[in-house]
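K.L.:
Quick one, structure for this:
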Amino acid sequence: MRWEQSPLAKIDIIYKALKFKVADEVDIFWEGSNRFNSAKERNIDIDNLQGITIYLVWAIQNPTILVDCFLTTEFLSRGTKLSTRTLFLDVLKASIDFLLDMTLSEEQLLGSISENEGETTGQTDSRYTIATGS
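P.N.:
I've put the predicted structure just below:
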């Protein structure tokens, strides 16, 4: 995706990957299984697609996807933003947002844990000292 310069070309790649490639991979995964009798039963709804997309974004560990996604969104025309292909761009963008929010929450949690450890070991946090005047 990063080699494509046009926002429309990037949207086309996202559309094909999330609409067709993911479906093909799901079909291959369940091939030979008795769990689903037909390909119609293996349809992926938008909620499951969102979860799969979150996993894919996390698994590829490629930070340029963030930039590509947000720049593509910024440079789309109003007419293109109303097309059904942008639904898949929105799914990708929401997946990235979810992972960023989760990362920020984890950093905040780790920060609060380290503050609590400082209290139990007798260390003081300089931010706390300044704020309270103690």
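K.L.:
so how many other residues sit close to L92?
P.N.:
Counted by other C-beta atoms under 10 Å, the residues lying close to L92 total 27. Every residue, glycine included, has its C-beta placed from N, CA and C.
K.L.:
what about it, which helix or strand?
P.N.:
Secondary-structure assignment from DSSP states H and E places L92 in helix 85-120.
K.L.:
Excluding chain neighbours, what is closest to L8?
P.N.:
In space, not counting the residues next to it along the chain, L8 is nearest to T80; the distance is 6.8 Å by C-beta to C-beta, 6 or more residues apart in numbering.
K.L.:
for that neighbour, what are its contacts?
P.N.:
7-8, 11, 86 (C-beta atoms under 8 Å, 6 or more residues apart in numbering).
K.L.:
if we go to 10 Å?
P.N.:
With contact set as C-beta atoms under 10 Å, 6 or more residues apart in numbering, T80 has these partners: 7-8, 11, 72, 86, 89.
K.L.:
got it, and E74?
P.N.:
P7 are the contacts of E74 under C-beta under 10 Å, 6+ apart.
K.L.:
so where's the protein uncertain?
P.N.:
By pLDDT under 70, the low-scoring segments of the chain are 1-4, 37-39, 106, 109, 112-134.
K.L.:
the strands in it, which residues?
P.N.:
Remark: no strands are assigned in the chain by DSSP state E.
K.L.:
where exactly do the helices run in it?
P.N.:
Shown for the chain, the helices assigned by DSSP state H span residues 7-16, 22-30, 46-60, 64-74, 78-81, 85-120, 126-132.
K.L.:
and those helices, which is most packed in?
P.N.:
Among the helices of the chain, judged by mean count of other C-beta atoms under 10 Å, the one packed with the most neighbours on average is helix 7-16 (a mean of 18).
K.L.:
N62: how many residues sit nearby?
P.N.:
Counted by other C-beta under 10 Å, the residues lying close to N62 total 11.
K.L.:
Verify the contact between it and D68 for me.
P.N.:
Yes: with contacts counted by C-beta atoms under 10 Å, N62 reaches D68, the gap being 9.2 Å.
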